[in-house]
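Colleague: when you get a sec, could you give me coordinates for this:
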Amino acid sequence: MNNNLFLDAANSKATERPPVWMMRQAGRFMPQYWEIKNKYSFLEMCKNPEIAADVTMLPVDLLGIDAAILFCDILVTGEAMGGDLSFTQGVGPKFANPVRTAADIDQLEVDVVDRLQYVADAIKVIQQRLNGSIPLIGFAGAPFTVMSYLVEGGSSKDFKLTKLLMHNHPELAHRLLAKIAKVTTDYLNLQIAAGVNAVQLFDSWALALSWNDYQEFSHQYNQQIIAGLNRTNVPVISFCKGSSVFAPIMAEAKPDVISVDWNADLLNIKNALPAGIAVQGN
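Modeller: Below is the predicted model:
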């Protein structure tokens, strides 16, 4: 690797400066992105390895970042399991067949990693183009966050239906989360086998949970996923909105890096974490 800053920092090694990469670093602020987006739907962009590679590579030269992140979406696991996923400009993701009953959960499949082969194919194309210049970060959505989209049928401000499922039918929520966790583990291992240099688990909506609900409906599944990864020489990053609240319990899942959001105090976060866990973000 020509530029080891990101991987050194992720492994808690001293670096000459903090490495820089940004979430959504290949995206809407770029005219070059819109040239592609105007020709293809979002899912077409994700599922075509050459196009996904094109978009992933956009910021590499333009911004001079220290790591590239795979162009994809956290909800492709939900689609692979049987969700009817679409993206509408100005609306966002929608599942036309929300998951709300035992029968809905039973219909979701778990041996679906072959349906995500397009992601592995994109990773291989991207690594050929990067040619060892900087690391490539893969990622997946964490079970609670993916569950919230499946249950709500899309984005939500209050997660009412998700919380009703968790509190009125916790056994169903756990069945659903266990299925998503299995698929997510397989999916991240697919990415690792294809050649990503690090992976990030996105629990984007964890801040919707209380401390106790986070422990029961999020943390234990994130921990299960991280324990199941073939992570030799591949740092694992754990991210959630609300990491300033949940960082101490996030550390119990044993990621290599905890990614914090903008409202966290970095010194307090670092002091709350055990040695050997790096801090990213803010």
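
Colleague: give the rounded mean pLDDT of stretch 260-270.
Modeller: The average of the pLDDT scores along stretch 260-270 is 86.

Colleague: cool, and stretch 116-128?
Modeller: Taken as a whole, stretch 116-128 has an average pLDDT of 99.

Colleague: also stretch 208-222?
Modeller: Mean pLDDT, stretch 208-222: 96.

Colleague: repeat that for stretch 142-153.
Modeller: For stretch 142-153, the mean confidence score works out to 98.

Colleague: first-to-last residue distance for stretch 250-258?
Modeller: 7 Å (CA to CA, to the nearest Å).

Colleague: ok, residues contacting that stretch?
Modeller: For stretch 250-258, the external contacting residues (CB atoms under 8 Å, 6 or more residues apart in numbering) are 10-12, 201, 219, 222-223, 226-227, 231, 235-240, 243, 247, 269, 272-274, 276-280. The way it works is simple: take the backbone N, C-alpha and C, and place the C-beta from them, glycine included.

Colleague: buried set for it?
Modeller: Of all the residues in stretch 250-258, those buried under the rule 16 or more other CB atoms under 10 Å are Met250, Ala251, Ala253, Pro255, Asp256, Val257, Ile258.

Colleague: which stretches of the protein form strands?
Modeller: Counting by DSSP state E, the chain has these strands, from start to end: 68-69, 85-88, 92-95, 136-141, 198-203, 236-240, 257-260, 278-281.

Colleague: the fifth one - contacts with which helices or strands?
Modeller: Using 3 or more CB pairs under 8 Å, 6 or more residues apart in numbering; DSSP states H and E, the elements in contact with strand 198-203 are helix 5-10, strand 136-141, helix 143-152, helix 170-194, helix 220-227, strand 236-240.

Colleague: got the contact list for the second one?
Modeller: This means strand 136-141. Contacts of strand 136-141 (CB under 8 Å, 6+ apart): 21, 56, 67-70, 72, 74-75, 77-78, 119, 123, 126-127, 130, 184, 187-188, 191-192, 195-204, 225, 237.

Colleague: run the last query once more with 6 Å
Modeller: Residues outside strand 136-141 that contact it (CB atoms under 6 Å, 6 or more residues apart in numbering): 67-70, 74, 126, 184, 187-188, 191, 196-200, 202.

Colleague: that strand vs helix 170-194, what angle?
Modeller: Orientation note: strand 136-141 sits at an angle of 170 degrees relative to helix 170-194 (axes from the mean of the first three to the mean of the last three CA atoms, to 10 degrees).

Colleague: quick one: strand 136-141 to chain centroid distance?
Modeller: Relative to the mean C-alpha coordinate of its chain, strand 136-141 is positioned 5 Å out (CA atoms, centre = their mean, to the nearest Å).

Colleague: ok, it: who's next to it in the sheet?
Modeller: In its sheet, strand 136-141 lies beside strand 68-69 (parallel), strand 198-203 (parallel), with partners assigned from DSSP bridges.

Colleague: output those strands in JSON lines, with distance to Asp213 and mean pLDDT appended to each entry.
Modeller: What follows is those, written out as JSON lines (distance: least, CB to CB, whole Å; pLDDT from 0 to 100):
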{"stretch": "strand 68-69", "distance to Asp213": "29", "mean pLDDT": "97"}
{"stretch": "strand 198-203", "distance to Asp213": "12", "mean pLDDT": "98"}
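
Colleague: just the buried residues of the contacts of stretch 250-258.
Modeller: With neighbours counted by 16+ other CB under 10 Å, the contacts of stretch 250-258 contain buried members at 10, 201, 219, 222-223, 226, 231, 235-240, 243, 247, 269, 273, 277-280.

Colleague: grab the nearest non-local neighbour of Ser238.
Modeller: Counting by CB to CB, 6 or more residues apart in numbering, Pro255 is the residue found nearest to Ser238 once chain neighbours are left out, at 3.9 Å.

Colleague: how close does that neighbour get to Gly276?
Modeller: Taking CB to CB, to the nearest Å as the criterion, Pro255 is separated from Gly276 by 10 Å.

Colleague: the strands of the chain: which one's closest to Lys160?
Modeller: Taking CB to CB as the measure, those were each checked against Lys160, and strand 92-95 came out nearest at 15.9 Å.

Colleague: just the residues contacting that closest one, thanks.
Modeller: Strand 92-95 has contacts (CB under 6 Å, 6+ apart) with Leu75, Gly83, Leu85, Ser86, Phe87, Leu150, Gly153, Gly154, Ser155.
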